[in-house]
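Enquirer: let's see this in three dimensions:
(chains A and B)
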Number of protein chains: 2
Amino acid sequence: MGHGGKKMDFLIEFIANRIAIKKTSENALGVEAFDDGAIIPFANQNYNIVVTTDSYTVTPIFFRGGNIGTLAISGTINDLLMMGAKPIAITLALIIREGFSFQELGEIIKTISDISSKYGIAIVAGDTKVMPRTAMNEVTLIINTTGFGVIPPNMRITDSSIKPGDKIISTGTLGDHGFAMLAIREGIELETTLESDVAPLIDLILPLLKYRIHAMKDPTRGGLASVLNEWAKKSAVSIWLEEATIPVKEEVRIISEIFGIDPLLVSNEGKAILAVHPEDADKILNEIKRSKLGKKAAIIGEAKSNRKGQVLLKTRIGGHRILDKPVGEPIPRVC
Amino acid sequence: MGHGGKKMDFLIEFIANRIAIKKTSENALGVEAFDDGAIIPFANQNYNIVVTTDSYTVTPIFFRGGNIGTLAISGTINDLLMMGAKPIAITLALIIREGFSFQELGEIIKTISDISSKYGIAIVAGDTKVMPRTAMNEVTLIINTTGFGVIPPNMRITDSSIKPGDKIISTGTLGDHGFAMLAIREGIELETTLESDVAPLIDLILPLLKYRIHAMKDPTRGGLASVLNEWAKKSAVSIWLEEATIPVKEEVRIISEIFGIDPLLVSNEGKAILAVHPEDADKILNEIKRSKLGKKAAIIGEAKSNRKGQVLLKTRIGGHRILDKPVGEPIPRVC
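Expert: Next up, the predicted model:
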């Protein structure tokens, strides 16, 4: 985290000053040291480390329900949780276009710091680059976050671990983030109360880790359809959904019909999809529903051994259709 | 590392196929799994973990001596080494402008993979975003790398650990990278043989860790002047340099005079500056000189207890001048 020039010092300190927790423990080294890297001591060896990295380029950077900062830290926390990991630390790399508002930058860093503080997840290292206007056009801020978490050595929650008979659970309504972003871009946000579902899922996911979860994924780019198609392929199962059981907000349904975009193909930023042992499914569903963010959770389908690699949707009018992965992103640059 | 659409799958697989080592060990989970994160098992607890993150936006992305990929992986490896850490794993996040050449992308990934393979450092997780031409202008590729390394629990090589009497060592000539980039931009690269010094310093640094190194830093943005001013301030010492002992290539000296830019303020990408216990200085210097990248190493100064926070340069013509940090970056966007 070399500073370089004095003008850059000011900017880096402006950011660092707004980060509340800068290191994981008393004897650690973090952002407060402005050094080349951070030191994360661990007390014992009964864990493995999980890392995840993501760049965020969302447009616009402020939206109803959050901003690019909420998205970056929540997305990284959720990616760790999806592996069954307890999030510990995050690195924060910013690419800022010349002339970017300090007021907005402060607000974004505060969002990140607030979530970091709430869950005791340290921002341990950072990097800042400023780009001239000739280099970046519409984009004024890009954030990369890399996250670190710990899991027990024998835990493996992966895309390829689903067994026939597993129940598929959605922790809530689908399509909220993608359609909230679409509403802003199309200038119809005042006609709706729809907001992004962006949120870290720590309180919802950590209590579930005692159950037999085989796979877990946050349905971001490509939505539910993308998650389930990856699972079906990697686990060599088919996944059968019942459309009537899939939670979708009425507003999302209306907007999706206006624009002809399937909510199951659209990004979510505060939801998880789980594939779980059938005997644990009801217990897990009840536990999710006790969480503030899980009120609308539902069992939406199950895995089977025939028609390997396919995702099939039983529609409301009866009959099945194949739910394929989207070819492109129906609503681009939402994360 | 969710894939999203099928078009994106192709791109991610194009990249992943060119990465040779995708996980840290047999029972690990890495890029090969295309999952949300990577699992890095550790065999024992006799270490701490070091993490570092950097975004690379260099222009042009190919230059004499390397490309943006060489820069990203070397920079991240070197940042870990500067903490005394043994690099273990790296995450790789790419932001690619629409229409970027696959041939060039392949070449860049190969560069990264080759260095990763040579030193057994796994690329454990990744992320790829594609940006429309309306969003990014001159910039066609941005790379973020986050690195993980391990150090013994009691090791602390930090900016604030320098003691009066410590000797300052440069592992080689200064200014090569910055002036090589300047030469390309000014269209005079054919007049020189100057190339970037970009390189991972693993073979040079790891054998030194048995000695009493108090501080160590790669003089990238802001060059030697920036490193030493940060050290002087954080360690509350003065640092006295002898200009005649500082290794600078004749070509760099000539170009620096033409453009009126001090080589001591300019970025290096394959050098380290060390502050070491005086009794170990000669042993460390000899060990550095045994390494392929350390032939031009020299003791260039020492730390003193008076004039705390200042860096003073004894010039060739006698007398001392204060060597301040640069206000801005003399040669911008070189990393």
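
Enquirer: could you list the contact residues of the stretch 151-300 of chain A toward chain B?
Expert: Contact residues, the stretch 151-300 of chain A versus chain B (CB under 8 Å from any CB of the partner chain): A:151, A:153, A:156, A:158-160, A:217-218, A:220-222, A:226-227, A:230, A:234. Yep, even glycine has a C-beta here, placed from its N, CA and C like the rest.

Enquirer: give me the lowest-pLDDT entry from the residues you listed.
Expert: Of all these, A:P153 has the smallest pLDDT value, namely 74.

Enquirer: not counting residues beside it along the chain, what's closest to that residue?
Expert: A:N48 (5.3 Å; CB to CB, 6 or more residues apart in numbering or on different chains).

Enquirer: so that neighbour touches A:N154, yeah?
Expert: No - assessed by CB atoms under 8 Å, A:N48 is found out of contact with A:N154, at 9.0 Å.

Enquirer: hmm, who's touching stretch A:224-233?
Expert: A:159, A:162, A:168, A:170, A:174, A:215, A:217, A:219, A:237-239, A:241, A:246, A:262, A:264-265, A:268, A:273, A:275, A:303, A:308-311, A:323-326, B:2-5, B:34 (CB atoms under 8 Å, 6 or more residues apart in numbering or on different chains).

Enquirer: then stretch A:98-114?
Expert: So stretch A:98-114 is contacted by A:14-15, A:18-21, A:61-62, A:66-70, A:72-73, A:92, A:96, A:123, A:130-133, A:140-141, A:143 (CB under 8 Å, 6+ apart).

Enquirer: and chain B, which of the residues you listed contact it?
Expert: Near chain B, by the rule CB under 8 Å from any CB, you find A:L92, A:M131, A:P132 out of the contacts of stretch A:98-114.

Enquirer: tabulate those (TSV), appending neighbour count, secondary structure and pLDDT.
Expert: Listed next are these as TSV, based on neighbours: other CB atoms under 10 Å in any protein chain shown; DSSP: H, G, I helix; E, B strand; the rest coil; pLDDT from 0 to 100:
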residue	neighbour count	secondary structure	pLDDT
A:L92	27	strand	89
A:M131	26	strand	88
A:P132	15	coil	88
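
Enquirer: show me which of these is closest to chain B.
Expert: A:M131 (6.2 Å; CB to the nearest CB).

Enquirer: show me what contacts that closest one?
Expert: A:I95, A:I96, A:R97, A:E98, B:T57, B:V139, B:R333.

Enquirer: do the same with A:E302
Expert: A:G165, A:D166, A:K167, A:I168, A:I239, A:W240, A:P278.

Enquirer: pretty sure the last one is touching A:K167, no?
Expert: Yes - assessed by CB under 8 Å, A:P278 is found in contact with A:K167 at 5.4 Å.

Enquirer: which one of those two has more residues nearby?
Expert: For the pair A:P278 and A:K167, the greater number of neighbours falls to A:K167 (21 against 15), based on other CB atoms under 10 Å in any protein chain shown.

Enquirer: in what helix or strand does the nearest residue in space to that one that is not next to it in sequence lie?
Expert: Excluding the flanking residues, the one nearest A:K167 by CB to CB, 6+ apart is A:A281, at 3.8 Å. Mapping A:A281 onto the secondary structure by DSSP states H and E places it in helix A:281-290.

Enquirer: got the angle for the helix or strand just after that helix vs helix A:281-290?
Expert: Next helix or strand after helix A:281-290 toward the C-terminus (DSSP H and E): strand A:298-304. Using axes from the mean of the first three to the mean of the last three CA atoms, to 10 degrees, the inter-axis angle of strand A:298-304 relative to helix A:281-290 is 150 degrees.

Enquirer: which neighbours in the sheet does strand A:298-304 have, and how are they oriented?
Expert: Strand A:298-304 pairs in its sheet with strand A:167-170 (antiparallel), strand A:238-242 (antiparallel), by DSSP bridges.

Enquirer: mind listing the strands for the stretch 201-335 of chain A?
Expert: A:213-217, A:238-242, A:273-276, A:298-304, A:311-314, A:320-322 (DSSP state E, counting those that start in this stretch).

Enquirer: what's in contact with the shortest one?
Expert: Contact with strand A:320-322 is made by A:W240, A:Q310, A:V311, A:L312, A:L313, A:K314, A:T315, as judged by CB under 8 Å, 6+ apart.

Enquirer: residue ranges of the helices in the stretch 101-250 of chain A, please?
Expert: Taking DSSP state H, counting those that start in this stretch, the helices of the stretch 101-250 of chain A run over residues A:102-119, A:176-185, A:202-205, A:223-235, A:250-259.

Enquirer: same list (those helices) but as TSV, adding mean neighbour count.
Expert: Output for the helices of the stretch 101-250 of chain A, formatted as TSV (neighbours: other CB atoms under 10 Å in any protein chain shown):
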stretch	mean neighbour count
helix A:102-119	17
helix A:176-185	25
helix A:202-205	22
helix A:223-235	25
helix A:250-259	16
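
Enquirer: need those in CSV (columns: distance to B:A298).
Expert: Formatted as CSV, the helices of the stretch 101-250 of chain A follow (distance: least, CB to CB, whole Å):
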stretch, distance to B:A298
helix A:102-119, 41
helix A:176-185, 56
helix A:202-205, 52
helix A:223-235, 55
helix A:250-259, 66
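
Enquirer: looking at those, which is nearest to B:S291?
Expert: helix A:102-119 (40.1 Å; CB to CB).

Enquirer: and that closest one, average pLDDT?
Expert: Helix A:102-119 comes out at a mean pLDDT of 91.

Enquirer: what about A:A303, how many neighbours?
Expert: A:A303 has 24 nearby residues by other CB under 10 Å.

Enquirer: re the thing from before, neighbour count for A:N48 and A:N154, which is higher?
Expert: Set A:N48 next to A:N154 and count neighbours by other CB under 10 Å: A:N48 wins out with 23 against 6.

Enquirer: quick revisit: which PyMOL command selects the buried ones in the contacts of strand A:320-322?
Expert: Buried subset of those, written as a PyMOL selection, criterion 16 or more other CB atoms under 10 Å in any protein chain shown:
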select buried, chain A and resi 240+310+311+312+313+314
